[in-house]
Each structure stands twice: as structure tokens, then as C-alpha cells.
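Chemist: Fold the stuff below for me.
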Amino acid sequence: MRDDELARGMRLREEGKPEEAREVLVELARRHPDDAEVAYQTAWVHDVLGLEAEAVPYYERALAGKELSNRLGAYTGFGSTLRVLGRYDQALETFVRALAEFPGDPGLRTFMAMTLYNLGRSQEAVSTLLKVVAESGQVGGYRRAVEYYADNLDETI
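Modeler: Residues are numbered from 1 along each chain as shown. Down below sits the predicted model:
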């Protein structure tokens, strides 16, 4: 029953029916308050609907759980949601905690860079993004130069 309803809620979200998915998932989360996977999917559908503030407690429940198959996705979604809500310090804390579990993840680092920018830490934000881009291999033969300047943005001759 739980698995079928969870799959139904996820399918509805993926089919572009987030309102219907929300109804299914909120009810499922009510019946399974300690289910991390249900909480994560419920948080996600709230984000899809632009209901970020309502997503927060579901993300918190998801990350508190031990049986969450996509902790990386939950951390990324939670941190991004906090950033969108203007809760920049909490977003940064979330990304730092997430990177302790998923060192070097480019998605986490990219969202963290946005948060650093929002906190007025522009140099650190740009440096982080340059490192992500350099590591992606998308800078042609300039990887070494981009990596160098990531830490030396203000250098001139």
C-alpha cells in the first residue's frame, strides 16, 4: 500500500500533475511521519508547486531519517529551498553538512556558490564556481589557468 501510493505520487509529479501528487503525498506523509523517503518526495512536490516554506519540515524529516535512498537530492533540495526563502545562513550550513557526506559534489557546490553570493561573499562564490567548471572538463585546454585563478581572482601583473 505505502509503496504503491508513493509510486503514484511520484508518477503524478512526473506527469505534470503536482497538485494531485501533493494530495497523495501529504496524506501518505501524515500516515507515515517517520518515513524519510515519503517525506523527501513530499518536500519535492511542494518545491515543484512553489510552496518552499511548506517543503521545509518535510526536508527536515527526510534528512533526520536513516532510510533515505537519495540523501544527496534531499540535501540539495533543502539547501536550495532555504536559499530561495532568504534563509542564507541555514542554507550554507546545510550545504556544508551535505558536502561532509558528499565531498566535492558539483551540484552541492554550485548551489552553495549561489548562497555565498547571497551572503555577500562574491569572491568565494566565483572561486567555487570556477573550480566546479574547471573540474567538469568544460574549459578546453584552460583547466590549469581556471583552477589557478579560482584562488587568485584579484591577481594582476
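
Chemist: Give me the pLDDT for the closest residue in space to Ser80 that isn't next to it in sequence.
Modeler: Distance criterion Cβ to Cβ, 6 or more residues apart in numbering; nearest residue to Ser80, sequence neighbours excluded, is Phe111 at 5.2 Å. From N, CA and C alone the C-beta is placed, and that goes for glycine too. pLDDT recorded at Phe111 is 98.

Chemist: Then Arg121?
Modeler: At Arg121, the model reports a pLDDT of 98.

Chemist: what does Lys66 give?
Modeler: The model reports Lys66 with a pLDDT of 79.

Chemist: about what we covered before: and the residue nearest to Ser80, how many residues sit next to it?
Modeler: Number of residues near Phe111 (other Cβ atoms under 10 Å) recorded here: 22.

Chemist: quick one: contacts for it?
Modeler: Under the criterion of Cβ atoms under 8 Å, 6 or more residues apart in numbering, the contact list for Phe111 reads Thr76, Gly79, Ser80, Arg83, Ala91, Phe95.

Chemist: Out of these, name the ones that lie in strands.
Modeler: Among those, DSSP state E puts none in strands.

Chemist: which of those lies closest to Arg22?
Modeler: Nearest to Arg22 out of the contacts of Phe111 is Ser80 (Cβ to Cβ; 18.5 Å).

Chemist: In space, not sequence, find me the middle residue of this protein.
Modeler: Thr76 (1.4 Å; Cα atoms, centre = their mean).

Chemist: Quick check: it touching Pro106?
Modeler: No. Judged on Cβ atoms under 8 Å, Thr76 makes no contact with Pro106 at a distance of 10.7 Å.

Chemist: Now do the SS call for Asn152.
Modeler: At Asn152 the chain is in coil, as set by DSSP: H, G, I helix; E, B strand; the rest coil.
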